[in-house]
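K.L.:
return a 3D structure for these sequence lines:
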Amino acid sequence: MSHDADSSHAHPPHHHDAKGFVRAVEHASAERGLRLTPLRKEVLELVAAARKPVKAYDLLDLLREKHGNAAPPTVYRALDFLLEHGFIHKLESINAFVSCHHPAQAHQVPFLICDTCSSAQEVCDERVAELIEAQARALGFRPQAQTLEVHGICKHCRKA
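P.N.:
Numbering: from 1, shown residues only. You can find the predicted model right below:
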């Protein structure tokens, strides 16, 4: 992917068409021979529909509204599957989950997280991940996972 020096690499707040996103994940799952069970799909739909990062217990509460017997291990297994295959991201610093802007490809992305409204913005610029990996390799370090989370105040909250 090439980037113009003048182009903006940050996308709007981490929220997009939930139905289109779920369709993209269904397509990617079929292409990769993955089993997107009804529960995994339902958890995915809940994460996709959330307007901000969502915590596992919030997902559990939403599932219990439809399925009174939903248990924490069930939700965590679905989240683990979705994480493992790159369909969602976990924001460790706030222990919450967001859907991925590019579910068809494995990638590492930084997030800008608002400490006021808890919104998360995915920075879709592969140069950030490449720079971190290059610096790690230069130091003889072999990275296995990378999650960069930058905390601050989003422009909407700064204006308010």
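
K.L.:
now the chain, which segments are flagged as low pLDDT?
P.N.:
For the chain, the stretches with pLDDT under 70 are 1-16, 103-107, 145.

K.L.:
could I get the full set of helices for it?
P.N.:
For the chain, the helices defined by DSSP state H cover 18-32, 38-49, 56-66, 72-84, 126-138, 155-159.

K.L.:
among the ones you listed, show me which one is buried the most.
P.N.:
Among these, helix 38-49 has the highest mean neighbour count (mean count of other CB atoms under 10 Å), at a mean of 20. Heads up, the C-betas are built off the backbone N, CA and C, glycines and all.

K.L.:
any idea how far H67 is from A138?
P.N.:
Distance check for H67 against A138: by CB to CB, to the nearest Å, it reads 50 Å.

K.L.:
contacting residues for the nearest residue to P53 once chain neighbours are set aside?
P.N.:
Using CB to CB, 6 or more residues apart in numbering and skipping the chain neighbours, the partner closest in space to P53 is A96 (3.4 Å). Counting by CB atoms under 8 Å, 6 or more residues apart in numbering, A96 makes contact with K52, P53, V54, K55, K90, S118, A120.

K.L.:
restricted to strands, list the residues you listed.
P.N.:
Residues of these located in strands (DSSP state E): K90, A120.

K.L.:
buried subset of the contacts of A96?
P.N.:
In terms of neighbour count (16 or more other CB atoms under 10 Å), the buried residues within those are K52, P53, V54, K90, S118, A120.

K.L.:
the fourth one reaches F97, doesn't it?
P.N.:
Yes - with contacts defined as CB atoms under 8 Å, K90 counts as touching F97 at a distance of 5.5 Å.
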